[in-house]
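Novice: Build the 3D model from these lines:
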Amino acid sequence: MQLPTNSLQQIHFAEFDLDLATCELRTDGLKIDLQGQPFQILLALLERPGELVTREDLKNRLWPSDTFVDFDHSLNRAVNRLREALKDSAEHPRFVETLPRRGYRFIAPLDGLASDTAEATRSSQRSSSRPPARHATARLPIAVAEATGSAAAAAPAPMSSPQISVGLGKKYVVITAISVVIAVVTMFGLYVWQARRGPLSLAEIQINKLTDSGAVGDMAISPDGRYVVYAGRDGEKESLWLRQVTTRSEVRILPSGPEFHGLTFSPDGSYVYFVRSDPNDPFFKYLYSIPVLGGPARQMIADVDSPVSFSPDGHQFAFERGVASRNVVELRIANADGSGDRVVTTIQNGDVGLFQPGPNWSPDGRKIVASFRIVGRPIPWVLASISASDGSVREIYSRFIPAPSRSAGRYGC
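Specialist: The predicted model follows:
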């Protein structure tokens, strides 16, 4: 049964109050930091309580048709963020039930729908029956509206120091419009590949299908081209698989668990480096390595927010870390064994809510190229070249990518 919407101002379920006028979720008077896509998912589920809302429905609601993004990963992260805000569990759900491979359903009873007058009475009763609520400390910074309109034509600001600044940051955003930046980084990767391997002949490229499951997430190919490692999705969990290209045989090297966010072979092809979420906090990630020929995974570095990129000699790798408390993204370098972790440069007002696209080391080892989304800047995405020795930053490309327009939904939020 769908909810009526005439003069609807409040939705109540369990200990939560959803204010449709301000688009805020509260519990015991404290505002919960829930916005963006997780909030839109909650609205979609509440519009059809007790009914299946398919993953396809949610994808169409959250992203325009021409968006370039890993929908399954992004949707899973948004649902996990919603569950975290509601203190819910996928295994023992109180509110959001998963229907494997199909979608989600809101299963909690709705206690009532309130108009402005009824809610004012209810709020008065609540405030008189309990002590004043303490101010909630937001775990993550609040999102900032993105500049639009004439700002699209603004020229990129020059970078005279190893910092890119302007605006306020936010901790959680699943990016929905990064196709141009990814294309630029891909073009740079092809340039590096060509520099190492010689001229690229498109006529000699062959495309072969390696899997048929339709459930492949991140992947990487070994330097010698013999192996492919990939994350296989199983509902909201993922396992790690190693496949031999020529024989088409494969073996699972890590069981199902939290999602993988970045896969990289070591330059000699003997290890796979991967980034994986903490089982209890999908937004905190660790870097691990595991031998290709078998052996236990070893945790190397905590709090890693990008894939790693190895130096040409294979002795070091670069990665990124978002620091929400200081509203910065750090570019860092560590030795191949994880030791000697140090900051190369700090990007002010970088979007710390993203899993970063990742750096790319130049063939001569002198530069590291990385893309960053700068919050509050009219031209938010920049491609920067960073000196590996002194951390100096030079902006080499930027482009305005407008935020996708979407329907406000039945509730207007």
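Novice: Quick check: which ranges of this structure have low pLDDT?
Specialist: Filtered on pLDDT under 70, the chain yields the residue ranges 1-8, 64-70, 112-202, 379, 399-413.
Novice: so what are the domain limits for it?
Specialist: 10-129, 149-399 (automatic domain parsing).
Novice: Would you format those domains as JSON lines with mean neighbour count included?
Specialist: C-beta here means a position set from N, CA and C on the backbone, and glycine is covered the same way. Below are the domains of the chain laid out as JSON lines (neighbours: other C-beta atoms under 10 Å):
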{"stretch": "domain 10-129", "mean neighbour count": "17"}
{"stretch": "domain 149-399", "mean neighbour count": "17"}
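Novice: which strands and helices sit next to the helix or strand that Asn80 is a member of?
Specialist: Here Asn80, judged by DSSP states H and E, is contained in helix 71-86. Helix 71-86 sits against helix 36-47, helix 55-62, strand 96-99, strand 281-291, with contacts defined as 3 or more C-beta pairs under 8 Å, 6 or more residues apart in numbering; DSSP states H and E.
Novice: what angle sits between the first one and helix 71-86?
Specialist: Angle of helix 36-47 versus helix 71-86, following axes from the mean of the first three to the mean of the last three C-alpha atoms, to 10 degrees, is 80 degrees.
Novice: Run the chain-centre distance for helix 36-47.
Specialist: Distance of helix 36-47 from the chain centroid (C-alpha atoms, centre = their mean, to the nearest Å) equals 18 Å.
Novice: tilt between that helix and helix 55-62?
Specialist: On the basis of the same axes, to 10 degrees, helix 36-47 is oriented at 120 degrees to helix 55-62.
Novice: CA-only coordinates of helix 36-47 in CSV, if you can.
Specialist: In CSV, the C-alpha atoms belonging to helix 36-47 read as follows (Å, rounded to 0.1, in the frame of the first residue of the first chain):
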residue,chain,number,x,y,z
GLY,A,36,22.3,12.2,-0.5
GLN,A,37,21.7,8.8,-2.0
PRO,A,38,21.2,6.9,1.3
PHE,A,39,18.4,9.4,2.2
GLN,A,40,16.9,9.0,-1.3
ILE,A,41,16.9,5.2,-0.8
LEU,A,42,15.0,5.6,2.5
LEU,A,43,12.4,7.8,0.8
ALA,A,44,12.0,5.2,-2.0
LEU,A,45,11.4,2.4,0.5
LEU,A,46,9.0,4.5,2.6
GLU,A,47,7.0,5.4,-0.5
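Novice: So which residues of the stretch 251-400 of the chain form strands?
Specialist: 260-265, 271-278, 281-291, 298-302, 309-310, 316-323, 328-335, 342-348, 360-361, 367-373, 381-387, 393-399 (DSSP state E, counting those that start in this stretch).
Novice: want to throw those strands into JSON lines with distance to Glu84?
Specialist: Below are the strands of the stretch 251-400 of the chain laid out as JSON lines (distance: least, C-beta to C-beta, whole Å):
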{"stretch": "strand 260-265", "distance to Glu84": "17"}
{"stretch": "strand 271-278", "distance to Glu84": "12"}
{"stretch": "strand 281-291", "distance to Glu84": "7"}
{"stretch": "strand 298-302", "distance to Glu84": "19"}
{"stretch": "strand 309-310", "distance to Glu84": "30"}
{"stretch": "strand 316-323", "distance to Glu84": "17"}
{"stretch": "strand 328-335", "distance to Glu84": "22"}
{"stretch": "strand 342-348", "distance to Glu84": "26"}
{"stretch": "strand 360-361", "distance to Glu84": "32"}
{"stretch": "strand 367-373", "distance to Glu84": "23"}
{"stretch": "strand 381-387", "distance to Glu84": "27"}
{"stretch": "strand 393-399", "distance to Glu84": "33"}
